[in-house]
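In: mind looking at a prediction? Sequence and model below.
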Amino acid sequence: MVDARILHTTAALRDAILRLAADRPVSAVTVADVTRAAGINRATFYSHAVSPGSLLADVLTPELDRIREDDADARRIAAARGADSAELAAITRHGITAVVEHVVAHREIYVRALPDPHDACLHRMLVEHFTVSSALHIQELPVDQRPEVLDDVAAGFVAQGFVGAIEAWLAGPRRSRKALVDTITRSFPAWWD
């Protein structure tokens, strides 16, 4: 059983970093800012994170992990049923839509953190997350659909493109989420689904 104090501290840190990172770039958030907002001391902060940027990445990663797990579960179920390419494409689109909804839910954070030249924690976190997701996707493709590519390179290529698309969408004029999802799905390699 987890100690109630740890749960309280974790929740306080989560709330503090989300509030602070929505106000200014994470590189401008200090450990003192976080400890003050969370009502904890520096030692407690450092027992949970190494920096405000790493704390922010740690807070947002579980949401993305759940999206990946849901997508993987849907793909396994569909594959067991012998789903066709249209159904698999719909599953991919649903996963992308969930990621876009995550970004929109934390829009103020991503708008400030992704282009931040002084702290790339969130950018790295997204690229790493999407690289793992892309590699899993490639590995699960039927053998007859898998192109002769270097899996890790293809996964990195797709992941960097995904993060680049999100950054461009956030930095540009307001456009619909649907337009972003459409653009991302149409930009995948032809062999993706």
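Out: Arrived safely. All values derive from a computational prediction rather than experimental measurement.

In: buried ones in the helix ranked longest in the chain?
Out: Longest helix in the chain, counting residues (DSSP state H): helix 52-80. Within helix 52-80, the residues scored as buried using 16 or more other Cβ atoms under 10 Å are 52-60, 64, 67-68, 71-72, 74-75. (Each C-beta comes from the backbone N, C-alpha and C, glycine too.)

In: OK, contacts around the residue lying farthest from the centre of the chain?
Out: Ranking residues of the chain by C-alpha distance from their mean position (Cα atoms, centre = their mean) puts Asp144 at the top, at 29.7 Å. For Asp144, the contact set (Cβ atoms under 8 Å, 6 or more residues apart in numbering) is empty.

In: and the longest helix of the chain, what's its mean pLDDT?
Out: Helix 52-80 carries an average pLDDT of 94.

In: from here on, count from 40
Out: Right, with 40 as the first residue, what we last looked at is helix 91-119.

In: can you name the next helix or strand after it?
Out: Taking DSSP states H and E as the definition, the helix or strand that follows helix 91-119 towards the C-terminus is helix 124-144.

In: ok, residues contacting that following helix?
Out: 99, 102-103, 106-107, 109-110, 113-114, 117, 122, 149, 176, 201, 205, 209, 216, 219-220, 223-224, 227, 231-232.

In: please enumerate the helices of the protein.
Out: For the chain, helices defined by DSSP H occupy the ranges 43-62, 70-77, 81-87, 91-119, 124-144, 146-152, 160-179, 190-210, 216-226.

In: would you mark the buried spots in the second one?
Out: When you say that, I think you mean helix 70-77. Within helix 70-77, the residues that qualify as buried are 72-74, 76-77, counting by 16+ other Cβ under 10 Å.

In: over to stretch 159-167?
Out: For stretch 159-167, by 16+ other Cβ under 10 Å, it's 159-162, 164-166.

In: quick check: the residue farthest from the centre of the chain vs Trp231, distance?
Out: Separation of Asp183 from Trp231 (Cβ to Cβ, to the nearest Å): 15 Å.

In: let me see the contact set for Leu59.
Out: Residues near Leu59 by Cβ under 8 Å, 6+ apart: 65, 68, 72-73, 76, 91.

In: tell me the one among the residues you listed nearest to Thr48.
Out: Thr48 lies nearest to Val73 out of these, by Cβ to Cβ, at 11.5 Å.

In: once you drop chain neighbours, what's closest to Ala51?
Out: Counting by Cβ to Cβ, 6 or more residues apart in numbering, Ala51 lies nearest to Ala77, which is 4.0 Å off, once chain neighbours are set aside.
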